[in-house]
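> Let's see this in three dimensions:
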Amino acid sequence: MKIGYLLSGCGFLDGAEIQEAVSGLIALQQAGATVIPIAPDVAQHHVVDHQKGEPQDGSRQVLIESARIVRGNVTACKDIDADAMDALVIAGGFGVAKNLCDLAFKGPDCQVEPSVVKLIEGVYAARKPIGAMCIAPALVAKVLGPKANVKLTIGKDADTAGAIQAMGCTHVECDVHSIIVDETHKVVSTPAYMLGPGPADVFEGISKLCKEVVKLAS
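Below you'll find the predicted structure:
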């Protein structure tokens with residue numbers, strides 16, 4: 001079982017949420033899957049000092065930063081397609097809403113990085129499962145909303161839930177330990193750090209998501 005694992009950098013304020021990303025790596029291995037790390041080969045929107053929580057000077061590349069989490073060997077989105085994987089899982093973090101798309105700045109009117117659109121659309125068209133954690137369900141809503149009314153969750157945040165609805169999908173509230181499964185469209189989502197409060201809680205939901213994605217792909 002080969003699972004594509006889409007990352008958006010390294011660090012929750014400007015890239016992938018590290019605790020979520022590592023939770024997914026562990027859970028997928030526990031479920032018997034081989035992970036294929038993927039990221040777009042683009043510049044980050046900005047760089048944030050995670051101690052101060054403030055933007056700082058400099059620039060970083062999403063693919064190179066993602067390699068920090070998975071110990072290297074990340075494939076660029078443009079160099080892979082649905083044929084290479086049995087399913088796709090998308091880790092969360094503000095990088096999803098800043099680097100994979102610009103949801104953080106434009107809300108439902110956001111644009112998605114073209115190589116990310118192609119990847120998600122390809123996996124969906126091949127009828128292969130997609131798992132999305134934290135803010136990533138909003139990315140899925142933007143790409144798939146025009147095609148299908150997918151059932152998704154980001155937990156209980158009213159603004160993001162409203163954006164998902166505005167992009168043509170249905171939001172379902174749930175807690176951090178739970179998942180929402182759209183069996184018709186083969187999409188699984190969990191709130192993770194959209195709710196928190198800590199790594200053990202987040203891991204529980206992510207573990208359930210990864211197990212369900214592998215089950216749907218079997």
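> Which parts of this protein are helices?
18-30, 62-70, 94-95, 103-106, 114-125, 136-144, 158-166, 199-217 (DSSP state H).
> And for the residue nearest to the spatial centre of the chain, nearest residue in space, chain neighbours not counted?
With distances taken as Cα atoms, centre = their mean, the chain has I90 as the residue nearest its mean C-alpha position (2.7 Å). Excluding its sequence neighbours, the residue lying closest to I90 (Cβ to Cβ, 6 or more residues apart in numbering) is A136, at 4.0 Å. For the C-beta atoms, the positions are set from N, CA and C on the backbone; glycine is no exception.
> can you tell me which residues contact V202?
Q19, E20, S23, V176, A192, Y193, G196 (Cβ atoms under 8 Å, 6 or more residues apart in numbering).
> Residue most distant from the centroid, the protein?
D57 (26.3 Å).
> State the distance from it to C10.
To C10, D57 is 18 Å away according to Cβ to Cβ, to the nearest Å.
> again with D175
Counting by Cβ to Cβ, the gap from D175 to C10 is 27 Å.
> the more surrounded of the two?
C10 (25 against 14; other Cβ atoms under 10 Å).
> hang on, isn't the more buried one packed against S66?
Yes: applying Cβ atoms under 8 Å as the test, C10 and S66 come out as touching, 6.2 Å apart.
> Other residues contacting stretch 100-117?
The contact list for stretch 100-117, computed with Cβ under 8 Å, 6+ apart, reads 6, 8, 40-42, 45, 76-78, 94, 96-99, 135, 138-139, 142-143, 163, 166-167.
> how many neighbours does the nearest residue to L144 once chain neighbours are set aside have?
The shortest distance from L144 to any non-neighbouring residue, by Cβ to Cβ, 6+ apart, is to V150 (5.3 Å). A count of neighbours around V150, defined by other Cβ under 10 Å, yields 26.
> what do you get for the one 10 residues further on?
For T160, the count of nearby residues is 22 (other Cβ under 10 Å).
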